[in-house]
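>>> Dropping a prediction and its sequence here:
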Number of protein chains: 2
Amino acid sequence: MPFKPAKTAPATDPGALYFQLFNEIGIIAQLSGNRFQRVLPQGLTVAQFSLLNHCVRLGDGWTPARLAAAFQITKGTMTNTLQKLEAKGFIRIDPDPDDARSKRVFLTPAGKQAREASLKALMPELAQLPAGFPPDLAAEILPSLERLRIWLDTNR
Amino acid sequence: MPFKPAKTAPATDPGALYFQLFNEIGIIAQLSGNRFQRVLPQGLTVAQFSLLNHCVRLGDGWTPARLAAAFQITKGTMTNTLQKLEAKGFIRIDPDPDDARSKRVFLTPAGKQAREASLKALMPELAQLPAGFPPDLAAEILPSLERLRIWLDTNR
DNA sequence: TGACGAAAGTTCGACGTCAAACTAAAAGGT
DNA sequence: ACCTTTTAGTTTGACGTCGAACTTTCGTCA
């Protein structure tokens, strides 16, 4: 997805600025995803780890639909990831007693353990970041990124 | 790939900050990519358009290997995208006369035209951005993002 | 109560992407 | 010259993702 870093493009027209912005963001997303992916244990993907992490941090028992909304992905994509995690024995998917359409997602002990191991594996990766990109900078641009994300999300 | 927006997580440990940063960046990349994808004409994907755009802006005749490096993707991925574009008649791939391993990528007239049409289609999308996210903000955070991208790229 | 629209999940085909294994050709080193 | 290493490109299998079509169930409203 990422475009070529537009070092040679003078920002004459206003579109070029946003172009460049999404370009940089696309490449960062890709590079950071690869980097995390490589250290994740037990064949976990970033998407799978994110889901496990979410369930630990915010609690069990969510429906796939709510999870899909939280991660900004389609229901079909969520179905896919849930099936992978279930096959690995990291989650359990129960029917919702109150709504025959719905299901409920729960972590298994193995799932909790896999999430712990992933966090441990991610630590060294995160630890070497401040050297190249100070936390101050991260904290500084975060609100702007959040604002952009929210706008993109609500206006689609 | 994106994680859940960690609104509820107090940034107690230092890793959480970067976690949140990559989370926002991942979601923005995804949302903006979808948005551009939807308006692109002739079944062009964002990756395909980016390649055409690159060839117009920086000139023809690049090798696939150089293109892959410029876009930060693997050679295999580049092979894939080039094949799609060649099948659509938007590029031509000639053998390199000086190096029997290499090839050279050239735009066809149809390719240039498709790039023009894409730019036109993208304009309205870009035009409605400043309302939600001022260009000042974009320009302000761009250098930091560039720095992060460069660090991730060189330290991998 | 019955019909119709909304919501939850699944499936399918397509795409971009990666890592890894592979072939072919060029470059270097002794 | 020969052997080794590097480089260019392709292929394969897996994954996440999308949009669209589809089924089942719920909820609402007349």
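That came through, no problem.

>>> Verify the contact between A:Q72 and B:S32 for me.
No - A:Q72 is not in contact with B:S32 according to CB atoms under 8 Å; the separation is 11.7 Å. For every residue, glycine as well, the C-beta is placed using N, CA and C.

>>> Tell me which of those two has more neighbours.
Counting neighbours by other CB atoms under 10 Å in any protein chain shown for A:Q72 and for B:S32 shows that B:S32 has the greater number, 23 against 20.

>>> anything in the helix ranked longest in chain A near DNA strand D?
With residue count as the measure and DSSP state H as the assignment, chain A has helix A:14-39 as its longest helix. No - counting by CB under 7 Å from any atom of the strand, no contacts exist between helix A:14-39 and DNA strand D, the nearest distance being 8.8 Å.

>>> Mind giving me the packing neighbours of that helix?
Applying 3 or more CB pairs under 8 Å, 6 or more residues apart in numbering or on different chains; DSSP states H and E, one finds that helix A:14-39 makes contact with helix A:46-58, helix A:109-127, helix B:14-39, helix B:109-127, helix B:135-154.

>>> How about the shortest one and DNA strand D, any contact?
Yes - applying CB under 7 Å from any atom of the strand, one finds helix A:46-58 in contact with DNA strand D at A:46-48.

>>> Quick one: low-confidence residue ranges for chain A.
A:1-14, A:156 (pLDDT under 70).

>>> So which bits of it are right by DNA strand D?
Of all the residues in chain A, those in contact range of DNA strand D (CB under 7 Å from any atom of the strand) are A:43, A:45-48, A:71-77, A:80-81, A:84, A:99-101.

>>> Now that we have those residues, which of them are buried?
Buried positions within the residues of chain A next to DNA strand D, assessed by neighbour count (16 or more other CB atoms under 10 Å in any protein chain shown), are A:45-48, A:71-73, A:81, A:84.

>>> hmm, which two among the residues you listed are most spread apart?
A:Q72 and A:K84 (18.7 Å; CB to CB).

>>> For A:R115, which non-adjacent residue is spatially closest?
If the residues on either side of it in the chain are set aside, A:R115 comes closest to A:L52, at 4.2 Å by CB to CB, 6 or more residues apart in numbering or on different chains.

>>> typo on my end, it should be A:L67
A:M78 (5.6 Å).

>>> I'd like to know which elements the helix or strand containing that neighbour is packed against.
Under DSSP states H and E, the secondary-structure element containing A:M78 is helix A:75-87. Packing contacts for helix A:75-87, counted by 3+ CB pairs under 8 Å, 6+ apart, involve helix A:46-58, helix A:64-71, strand A:91-95.

>>> is the nearest residue to A:K103 once chain neighbours are set aside in a bridge, and if so with what?
The spatially closest residue to A:K103, leaving aside those adjacent along the chain, is A:I93, at 5.2 Å (CB to CB, 6+ apart). Each beta-bridge partner of A:I93 is listed here, defined by DSSP bridges: A:V105.

>>> Distance of the residue nearest to A:L67 relative to B:R101?
In this structure, A:M78 lies at 43 Å from B:R101, with CB to CB, to the nearest Å as the measure.

>>> Close to DNA strand C: what parts of chain A are there?
A:1-2, A:30, A:34, A:37-38, A:63-66, A:68, A:75-76, A:79-80, A:82-83, A:93, A:96, A:99, A:101-103.

>>> change it to 6 Å
A:1, A:30, A:34, A:38, A:63-65, A:75-76, A:79, A:101-103 (CB under 6 Å from any atom of the strand).
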